[in-house]
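S.K.: the sequence and its predicted three-dimensional model are supplied below.
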Number of protein chains: 2
Amino acid sequence: MAENGDVVPAGWEPGKGSLVSISKQYTFDRYGVTRDFLDRVADLSEADGYHPNISFGTTYVNITIDARDGEAIGEADRAFALEVDRLAGEVTS
Amino acid sequence: MAENGDVVPAGWEPGKGSLVSISKQYTFDRYGVTRDFLDRVADLSEADGYHPNISFGTTYVNITIDARDGEAIGEADRAFALEVDRLAGEVTS
């Protein structure tokens, strides 16, 4: 069985007691950056045909990615998470 | 003291045991409508300078409006809620 370190991208937290989801919180300095990030994640979602659960306020965004196979985070889920990380890097750079 | 009915717009739920926030869930048939709604709420937020807490997935959006005075939902909060209702009506009509 894989260790969490093998499947959960750095900075992401596995769901409680399982790998059926992973979550991460991003914080930004101001709403404009938050919205830019949300817009990019929405574009990614449309391109990828996968829609994570997202909660946000003025300067934070929580993203939860559910395992597409319903059982455990896999390669496509990890790739999506890393892409979200990349978008966060883009809007803050 | 005002009854909830006086201050909470129809269809909105007060926070647990208080009127310090109100919440409402909207559901849509497909992601395109969800995104349209989110974009309109974001535009409203920018115009109004107020940002509710929002959580969403493919076909649902939960919106929580915190009392701007930190104590109880007031006129500006109600107006914002009704405006959000109007936007939901726009995207589904």
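M.R.: Here it is on my side, so go on. Numbering: from 1, shown residues only, chains lettered A, B, ... in the order given.

S.K.: those helices in chain A, which residues are they?
M.R.: Using DSSP state H, the helices assigned to chain A run over residues A:4-7, A:31-48, A:75-92.

S.K.: quick one: mean pLDDT for the last one?
M.R.: Just to be clear, that refers to helix A:75-92. The average pLDDT within helix A:75-92 is 94.

S.K.: what sits up against that helix?
M.R.: By CB atoms under 8 Å, 6 or more residues apart in numbering or on different chains, the residues outside helix A:75-92 that reach it are A:7-9, A:11-12, A:22, A:24, A:26, A:28, A:33, A:36-37, A:40-41, A:44, A:48, A:50, A:52, A:63, A:65-68. Just so you know, the C-beta spots here come from the backbone N, C-alpha and C atoms, and that holds for glycine as well.

S.K.: now do 6 Å
M.R.: Residues external to helix A:75-92 that are found in contact with it (CB atoms under 6 Å, 6 or more residues apart in numbering or on different chains): A:9, A:12, A:26, A:33, A:36-37, A:40, A:44, A:50, A:63, A:65, A:67-68.

S.K.: so which bits of that helix are buried?
M.R.: Residues of helix A:75-92 classed as buried under the neighbour-count rule (16 or more other CB atoms under 10 Å in any protein chain shown) are A:77, A:78, A:80, A:81, A:84, A:85, A:87, A:88, A:91.

S.K.: sorry, back to before: could the contacts of helix A:75-92 go into TSV alongside distance to residue A:18?
M.R.: Formatted as TSV, those follow (distance: CB to CB, whole Å):
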residue	distance to residue A:18
A:9	16
A:12	14
A:26	23
A:33	32
A:36	32
A:37	27
A:40	28
A:44	25
A:50	19
A:63	17
A:65	13
A:67	9
A:68	15
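
S.K.: which residue is the nearest non-sequential neighbour of the residue of chain A found nearest chain B?
M.R.: Nearest residue of chain A to chain B: residue A:55, at 3.5 Å (CB to the nearest CB). Of all residues beyond its chain neighbours, the one nearest residue A:55 is residue B:55 (3.5 Å), with distances taken as CB to CB, 6 or more residues apart in numbering or on different chains.

S.K.: close to chain B: what parts of chain A are there?
M.R.: A:31, A:35, A:42, A:51, A:53, A:54, A:55, A:56, A:57, A:58 (CB under 6 Å from any CB of the partner chain).
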